[in-house]
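Student: Everything below, folded, please.
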Amino acid sequence: MDLVSVFFLNLVALGSAISVQQSNRPDRLRYSRDFLIHCSNSGAVISPDGIPPEIRRNWAGGSRSDRLASVAAGHAAFRRPGSPRQRTAARVRRRGRRGGVRQRLRRLGLRRLPLPSIILGNAQSLRNKVDELQANVKHISEYRDACVIALTETWLKDYDPTQDFDIDGFGQPYRLDRDAQITGKSLGGGVCLYVNPRWCKSVKIRESICSPHIELLSVSLRPFYLPREIPQVFLTVVYIHPRADTAEAASTIAKLVHQLQNKCPDGSVLKQHLGHLHQYVKCPTRHGKILDLCYGTIKGAYKSFPLAPLGSSDHSCVLLAPVYQPALKKGKVERKEVALWTESAIRELNGCLHNTNWDVFKDSCTNLDELTDTVVNYITFCEEMIIPRKTITLYPNNKPWVSKSLKNSINKKKIAYYQGDISEQKEAQKLVKREIKLAKMQYKDKVQDEFRMGNSRSAWRGIKSMMGIQDKKKRVSNSDKSDSTLAEELNQFYLRFDSIDFSGELSKFREVPVSSGIQIDEISVWSNFGKTNPRKSYGPDGISGRLLKCCAPFLSEIFTYIFQWSLSLNKVPTLWKESTIVPVAKVPSPKTLNDYRPVALTSVVMKSFERIVKKSLLAMTQTVIDPLQFAYQPRKGVEDAVATLLNLIVRHLEGRKTHIRLCFADFSSAFNCMQPLVLAHRLSEIPSVDLGTICWLVDFLTTRPQRTRVNETLSGTLLCSTGSPQGCVLSPLLFMLYTNDCKSTFESRHIIKFADDSVIVSLLQDHEAGHGPVLDHFVRWCDDSYLQLNVSKTKDMKIDFRKNPPVTAQTFVKGTAVDTVNHYKYLGTILDDKLSFESNSDAICRKVNQRLFYLRKLRSFNVDKKFLKLFYSSFIESILTFAMICWFGNLSISNKNKMKNVVKLCQKTIGINLNDLDNVYQVRAIQRARAILANPLHPLHAEFRLLPSKRRYTFPCQAKSNRYLKSFVPSAVRFLNTL
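Tutor: Numbers count the residues shown, from 1 in each chain. Next up, the predicted model:
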C-alpha cells in the first residue's frame, strides 16, 4: 500500500515524457518500461498538461497546471478562502479513501492510542536479525509506529552487550536471557521487549523468571495517554519450551497474574498464557497453526494481522492493532429528568394522601374501570405536583465518587495553571489529592454500610459503580426498518400464537355469578406495598414502585377496596391488564424478529395484587401439584431438582448392563402459548380451586391491551387472549398449573419439571435403546396443550458406562432428528455424559475469576477485612457453592484442587482464612438432608432410611461404584451418621 502510494506521487511529480498503451481491458492503462525508468531517474518536474486526461484530477477554481504554477511562484490567488479548519471541513471526501483498523491507527497518532499496538514474533536468534529489524523500523510503518515489539527465542547470552541491539526509534531492549545453570540448557531461549519512547518512557521491570519450564519477563508501563478506566498496563512476554511442564508453567503465570492485579486491579494485563483470559491472535504463525499467542483481560481489544517473519525464522510475526474503544467514546453524555424523593417531599405527599377522602371516589364511580382510572390519575397528579424533579447529566466515564467539591477543586487547579501562579497551583494540587482521598473514603463507607444493613442489591450496585461498570442500555436498531415499523412488526409477531378464537367457550366463565373466595385485608395490602422494589419500572398506569413503598399506609385503604371489588366481580380492571412490551435482544446482533425476547412492563400495583392472589392460589393447589415439579414449592428449589435427577441416574447405573437417556425439552415461547380455556378446564378438575377464582384468572388472561415499545416509539394497541405476559408475578405459577398433568405413566420413565424446564429421564436396561412411548406421549400432550416444542433446541444425552456399548438410534420428534450432546446446562449446572462435572467446574472457575477483579478493586480501597470476607461470601462463594451438593462429591481431585486454588487466591487477597470447600460441602449436604427429611412430599424423602436403632441411616441400595458412593444421598447419609 505504501509503495503504491509513493510511486503514484512520484509519478505525478517526476518525469517529462509519458508513454501510454491501451491494455486489453478498456478500463486499464499500460505504461512502458522505458517511461517508468525515466520517471525514477529523472529529476525534472512533470508538466501537468502532460498527464493523461484519464487519470488527471479535475480542480475547481482554475486548471491544475495554473494552480501548480501559481503556488510555485508564491502567488496566493488560487488559494481557497477561509481558515485551514474551514477548508478541511469543506473538502469533499475522495472516493476510494482507505479504511480499516490500520488506517484508523495511523490517523489517530501514536500518543492517542487507547491500548498499545504490539508486534509479536519468534526471532530464533536476534543477533543476525538486528539489521533487518532496524530496516523494518525505518521503512515499514507497522514497525515504526508500533508501541511495543515483543520477541521470543532471542538466543542471546550474558556476554552480548545490550547496546549492540539498539534500534533507532526504540532504543535498547529490555531482555531476559536463558540461564544455562538454572535451565540446564546452554542454547536457545530468551525474551526481550522494545518499547517505543514516543508512546511511553516510564517502564519498570516487575518480574523476571528463568526456570527449566518457563522464561518470563514482565514490565509495567505508564504511557503518555491511557483511557481513564485503565491507569496502567502490565505487559509480560513468555516463552515456554515445547517439552516443558506446561502445568508448572501455567501455575507460575497464574501466580504472577494474581500479584500484578493485586498491585493495580484496573491495569490491563496484555499477555498471559492463561486459559480464562481472552486470546487475540487469530492468524496462523507457523505452518498453518497458531503457536504465538497473546492473552489479555479485555475482550475483543485487539485485531491480529500477519507480517512477514524476521530473516529465516519459521514463525511469522503478528501485528496486534488495538480496536478497543474507551468508555468516553463508547457511551454518550446522557441527560435525564429524575424525581427528588426527599424526606420533606415524601411527608408532604403522605399528608396529601392521608387527607384525601376516598369515599368521594367510591360514591362517584359506577364501575370498576372508572374507579381504577380515577384513583390512579389522582395519585399520579399528586406525585407530579408535590415531588420536585431535576435534570441530571450522566457521563460515561465519570467515577461515582467524583463529588461537586472535588470538581470545584479541579477547576481551581485549572484556573491557577492558566494564571501562571505556581504557588497557588501547588496548593490546588494538594487540595485535589485530599478531596480525592476523602471522596473515595466516603464512598467506601457508604458501600460498607449497605452490606452491614443486608442491602445486597444496593451494595452490588455501589460496587459496580466503584469499579466503573455501568449497565449497558442497548438501543433496539434495525438498519432496514424505522423504529415505528419495527415496533408494529414486533407487536404483530408477539401475537402470532393468538390464532385460535375461544371466545365462545370462554364466555360461560364471564357470566358466572359466583365471586372468588379469596379475601383481602388492608394489612396484607400494606405489607405488599411496603415490600415493593422502588427501582421497578412503572407500567402503563404511571405509578412507580417508590410511590407505593413510601405511601403504603395511605394507599392501602383504597386499593384494598378495589382489589376486593375486582375479586367479587371476577374482573380485572382494564388499566391493570395493559402491558408495554420491551423487546430484549437474545443475541448480540439480532437479525430476525425471533431474536428479541418480549418482556412485559405491567402495573406495579397489579404486581402486588398478583402476589396476594398467588399466595392464596398456592394454598389451594399445594396438595395436588406433581411431586416432580420443583418450581414455586416450599422447601424446594433448583438444588432439589438437580439432586433428584442425578440420584435417579447414579442409582439406576448401579444395576448390571444399564444405561440412561435424557431428553431436555425446550418450548418455543412457552408462556405465550398458554390457552386460558385449557387452563380453566384443568383448574376446574382441582376441587380446592373455586369457580370464582377460575373466572377471575380467565379474565386476567384474556382481552389484554398490548403495545410494543422500540426505543422511544410505541406501536398501536392490540388485544391478546393467549398466554401470560412475561414479567407478571402469576405467570410462572399459572404455567406450573397448566403443565401439572404432564406426568409419566410408564415404568422406569420420569418427567422432572422446573416451571418450563422439563427433562425426560429414561432408565434403560440392556435390551432397550430409546425413550419408548413416553416421548410420544409427551409430544401428544404438548399438541393437546397448544405448546410448541423447539426441536432445534431440544437435546438428547446418552449416559452409558457399558463395555463396547452398541450404537443407539437417534431420537426423532415429529420426524425431525434431535441433536445428541455430551454435555448440557440444566438449571445452572452443566451435566456431562461421564458424570465428571469437569465442564461445570471450569465454567465456575471462569466466572469466579471475573469476580476476583472486584475483590482486588475493593482491596485497593483499603476496606476492612470483614467487609472483604462478606463480599467474598456474597458474590464469590455463592458461585462456588451453587448446587454443590449435587456435583462436588463426584469431582476429581484435580478439579477440586482447581476450585480450591481459587479460594486460596481470595484468601491471599483478603488476608484472612476462608472456609474450606470440603467443609462447606459437608455443611450444605447436612442442611439439605434435614430439609428433605422434614418434607414428606419430597421425592428424595424415601431415600433416607433409618436403621432399627432409629439413630443412624442406611443407604437405600447396595453401592457398587464410587460414582454412587460420592453422590448426594450416600454422602449425606455418611455425614448424618457422624453427628
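Student: Which residue ranges of the stretch 401-550 of the chain form helices?
Tutor: Along the stretch 401-550 of the chain, counting by DSSP state H, counting those that start in this stretch, helices occupy 404-419, 422-452, 456-466, 483-493, 503-510, 522-530, 545-550.
Student: and among these, the most buried is which?
Tutor: helix 545-550 (a mean of 22; mean count of other C-beta atoms under 10 Å). From N, CA and C alone the C-beta is placed, and that goes for glycine too.
Student: Pop the domain breakdown of the protein in here.
Tutor: Domain segmentation of the chain under automatic domain parsing yields 2-93, 104-326, 404-469, 838-977.
Student: Mean pLDDT added to these, as JSON lines?
Tutor: Formatted as JSON lines, those follow (pLDDT from 0 to 100):
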{"stretch": "domain 2-93", "mean pLDDT": "45"}
{"stretch": "domain 104-326", "mean pLDDT": "84"}
{"stretch": "domain 404-469", "mean pLDDT": "80"}
{"stretch": "domain 838-977", "mean pLDDT": "89"}
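Student: want to try TSV for the ones you listed, with distance to Gln519 as columns?
Tutor: TSV is the format used below for those (distance: least, C-beta to C-beta, whole Å):
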stretch	distance to Gln519
domain 2-93	73
domain 104-326	54
domain 404-469	32
domain 838-977	27
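Student: So which residues of the stretch 151-300 of the chain form strands?
Tutor: 174-176, 191-195, 202-210, 215-222, 233-239, 268-269, 278-279, 295-296 (DSSP state E, counting those that start in this stretch).
Student: of all these, which lies closest to Leu340?
Tutor: With C-beta to C-beta as the measure, strand 268-269 is the member of the strands of the stretch 151-300 of the chain nearest Leu340 (38.7 Å).
Student: Low-confidence regions, the stretch 451-600 of the chain specifically.
Tutor: 466-475, 477-479 (pLDDT under 70).
Student: and with 90 instead?
Tutor: Scanning the stretch 451-600 of the chain for pLDDT under 90 picks out the ranges 451-486, 494-519, 532-539, 542, 570, 583-600.
Student: In this structure Lys607 contacts Val729, no?
Tutor: Yes: between Lys607 and Val729 there is a contact at 5.2 Å, judged by C-beta atoms under 8 Å.
Student: Looking only at neighbour counts, state which of those two leads.
Tutor: Lys607 (21 against 17; other C-beta atoms under 10 Å).
Student: Just after the helix or strand where that one lies, pick out the following helix or strand.
Tutor: Per DSSP states H and E: Lys607 is located in helix 604-621. Using DSSP H and E, the helix or strand that follows helix 604-621 in sequence is helix 638-652.
Student: And the contacts of that following helix?
Tutor: Applying C-beta atoms under 8 Å, 6 or more residues apart in numbering, the contact partners of helix 638-652 are 628, 630, 658, 660, 748, 750, 752, 754, 759, 761, 763, 799, 826-829, 831, 835, 883, 885-887, 928, 932, 938-940, 943, 956-957, 963-964, 967-969.
Student: If we use 7 Å, what do you get?
Tutor: 630, 658, 660, 750, 752, 754, 759, 761, 763, 799, 826-829, 883, 885-886, 928, 938-940, 943, 957, 963-964, 967-969 (C-beta atoms under 7 Å, 6 or more residues apart in numbering).
Student: Just the buried residues from those residues, in PyMOL please.
Tutor: Of the contacts of helix 638-652, the buried ones go into a single PyMOL selection, burial set by 16 or more other C-beta atoms under 10 Å:
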select buried, resi 630+658+660+750+752+754+759+761+763+799+826+827+829+883+885+886+928+938+939+940+943+963+964+967+968+969
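Student: The contacts of helix 638-652 in strands, which ones?
Tutor: With DSSP state E as the criterion, strands contain Ile660, His750, Ile752, Phe754, Val759, Val761, Leu763, Ile799, Tyr826, Thr829 from among those.
Student: closest to Ser403 among those?
Tutor: Nearest to Ser403 among the ones in strands among the contacts of helix 638-652, with distances taken as C-beta to C-beta, is Thr829, at 44.2 Å.
Student: Confirm for me that the closest one is in contact with Ser841.
Tutor: No: applying C-beta atoms under 7 Å as the test, Thr829 and Ser841 come out as separate, 10.6 Å apart.
Student: Mind listing what's buried along the helix holding Lys607?
Tutor: 604-614, 616-618, 620-621.
Student: Just the C-alphas of that helix, formatted as PDB.
Tutor: In PDB, the C-alpha atoms belonging to helix 604-621 read as follows (Å, rounded to 0.1, in the frame of the first residue of the first chain):
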ATOM      1  CA  VAL A 604     -46.600  -2.200  39.800                       C
ATOM      2  CA  VAL A 605     -49.900  -2.100  41.700                       C
ATOM      3  CA  MET A 606     -51.200  -5.100  39.800                       C
ATOM      4  CA  LYS A 607     -48.000  -7.000  40.700                       C
ATOM      5  CA  SER A 608     -48.800  -6.500  44.400                       C
ATOM      6  CA  PHE A 609     -52.300  -7.700  43.700                       C
ATOM      7  CA  GLU A 610     -51.000 -10.800  41.900                       C
ATOM      8  CA  ARG A 611     -48.700 -11.600  44.900                       C
ATOM      9  CA  ILE A 612     -51.800 -11.800  47.100                       C
ATOM     10  CA  VAL A 613     -53.700 -13.900  44.700                       C
ATOM     11  CA  LYS A 614     -50.700 -16.200  44.200                       C
ATOM     12  CA  LYS A 615     -50.400 -16.900  47.900                       C
ATOM     13  CA  SER A 616     -54.000 -18.000  48.100                       C
ATOM     14  CA  LEU A 617     -53.800 -20.000  44.800                       C
ATOM     15  CA  LEU A 618     -50.700 -21.800  46.100                       C
ATOM     16  CA  ALA A 619     -52.600 -22.800  49.300                       C
ATOM     17  CA  MET A 620     -55.400 -24.200  47.200                       C
ATOM     18  CA  THR A 621     -53.300 -26.300  44.900                       C
END
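Student: and the residue nearest to Asn740 when sequence neighbours are not counted, how many neighbours?
Tutor: Closest residue to Asn740 apart from its sequence neighbours, by C-beta to C-beta, 6 or more residues apart in numbering: Asp626 at 5.5 Å. Neighbours of Asp626 under the rule other C-beta under 10 Å: 16.
Student: Same question for Gly351.
Tutor: Around Gly351 there are 12 residues (other C-beta under 10 Å).
Student: quick one on the thing from earlier: got any residues that touch both of Thr829 and Ser841?
Tutor: What both Thr829 and Ser841 touch, as defined by C-beta under 7 Å, 6+ apart, is an empty set.
Student: how about Asp784, what does it touch?
Tutor: So Asp784 contacts nothing (C-beta under 7 Å, 6+ apart).
Student: and if you look at Ile558?
Tutor: By C-beta under 7 Å, 6+ apart, Ile558 lies in contact with Trp358, Phe361, Val375.
Student: Neighbour count and pLDDT for these - can I get that in CSV?
Tutor: What follows is the contacts of Ile558, written out as CSV (neighbours: other C-beta atoms under 10 Å; pLDDT from 0 to 100):
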residue, neighbour count, pLDDT
Trp358, 17, 92
Phe361, 18, 91
Val375, 25, 94
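Student: In TSV, list the residues you listed along with distance to Ile410 and secondary structure.
Tutor: TSV is the format used below for the contacts of Ile558 (distance: C-beta to C-beta, whole Å; DSSP: H, G, I helix; E, B strand; the rest coil):
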residue	distance to Ile410	secondary structure
Trp358	53	helix
Phe361	54	helix
Val375	49	helix
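Student: Can you give the contact residues for stretch 298-306?
Tutor: 101, 115, 268, 278, 280-283, 294, 316, 318-324.
Student: hmm, 10 Å instead?
Tutor: 100-102, 114-120, 142, 229-230, 268-270, 277-285, 290, 292, 294, 296, 316-325 (C-beta atoms under 10 Å, 6 or more residues apart in numbering).
Student: Using the three-state scheme, assign Lys571.
Tutor: coil (DSSP: H, G, I helix; E, B strand; the rest coil).
Student: Nice, that's everything, thank you.
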